[in-house]
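Colleague: The following block contains a protein sequence and its predicted model.
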Amino acid sequence: MIKDVIKTSEEKMNKTLSVLRSDLATLKAGRANPTMLDRIEVDYYGSMCPISQVANISAPEPRVLMITPWEKSMLKEIDKAILKSDLGINPSNDGQVIRLVVPELTEETRKNLVKTVKKYGEEAKVAIRSIRRDANEKIKSLKKDGEVSEDQIKKGEDDVQKITDNFVKEVDSIVAHKEKEIMSI
């Protein structure tokens, strides 16, 4: 029973790390990365779709993204969606493909990005601690039901804490790596 609670908690913490990684991947760090466009949706015949579902996205150069729509009629829609987004990059449309040139980051922009990265990291840690709290409450409720002993409860809580500590270290490692990536050029 306690093992099930711990396993479920660990799965939730893994999902939290996945969300953190995907959030950090969408930040522009001075390099062209197709995941920067993951959150941008385009109107495809009345329904909203991610750009990656209506076009091929590649990075032919370190600071250039090239978007090749599968249908030429989508060029204008993709163009509009990028302009409306918070990406802050003006698309260059030559009638065949759209090019996005990712500008060099200024020192101030880098520092703001690092703040954002740290904020995402802190949110992930809060989520992980919340999962730990829920797991500990479930473990304690097993004691109230008389299903497990005091020693099992203590061991279960210790195990949850060890898992939590490992995930917090992993969050710190991911955040530090992203900070290093942003600050280096």
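Modeller: Nice, thanks for sending it over. Remember, predicted model here, so these are calculated numbers, not experimental data. Residues are numbered from 1 along each chain as shown.

Colleague: pLDDT below threshold where in this protein?
Modeller: 28-30, 185 (pLDDT under 70).

Colleague: all helices for it, in order.
Modeller: Using DSSP state H, the helices of the chain run over 2-25, 74-84, 107-144, 150-183.

Colleague: list the helices and strands the first one packs on?
Modeller: Read that as helix 2-25. With contacts taken as 3 or more C-beta pairs under 8 Å, 6 or more residues apart in numbering; DSSP states H and E, helix 2-25 sits against helix 107-144, helix 150-183. In this view, the C-beta of every residue, glycine as well, is placed from N, C-alpha and C.

Colleague: Using CSV, lay out those together with distance to R63 and mean neighbour count.
Modeller: Formatted as CSV, the entries for those read as follows, by distance: least, C-beta to C-beta, whole Å; neighbours: other C-beta atoms under 10 Å:
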stretch, distance to R63, mean neighbour count
helix 107-144, 14, 16
helix 150-183, 14, 16
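
Colleague: ok, back up a step: C49 is nearest to which of the helices of the chain?
Modeller: helix 74-84 (9.7 Å; C-beta to C-beta).

Colleague: In TSV: the helices and strands packed on helix 2-25, plus distance to T16.
Modeller: Formatted as TSV, the helices and strands packed on helix 2-25 follow (distance: least, C-beta to C-beta, whole Å):
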stretch	distance to T16
helix 107-144	5
helix 150-183	7
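
Colleague: can you tell which of the ones you listed is closest to R31?
Modeller: helix 150-183 (8.1 Å).

Colleague: ok, S92 touching I82?
Modeller: No: contact criterion C-beta atoms under 8 Å: S92 and I82 do not qualify, at 10.4 Å.

Colleague: returning to what we had before: to E11, which of the helices and strands packed on helix 2-25 lies closest?
Modeller: Using C-beta to C-beta, the nearest of the helices and strands packed on helix 2-25 to E11 is helix 107-144, at 9.5 Å.

Colleague: who are the neighbours of that closest one, in terms of helices and strands?
Modeller: Using 3+ C-beta pairs under 8 Å, 6+ apart, helix 107-144 sits against helix 2-25, helix 150-183.
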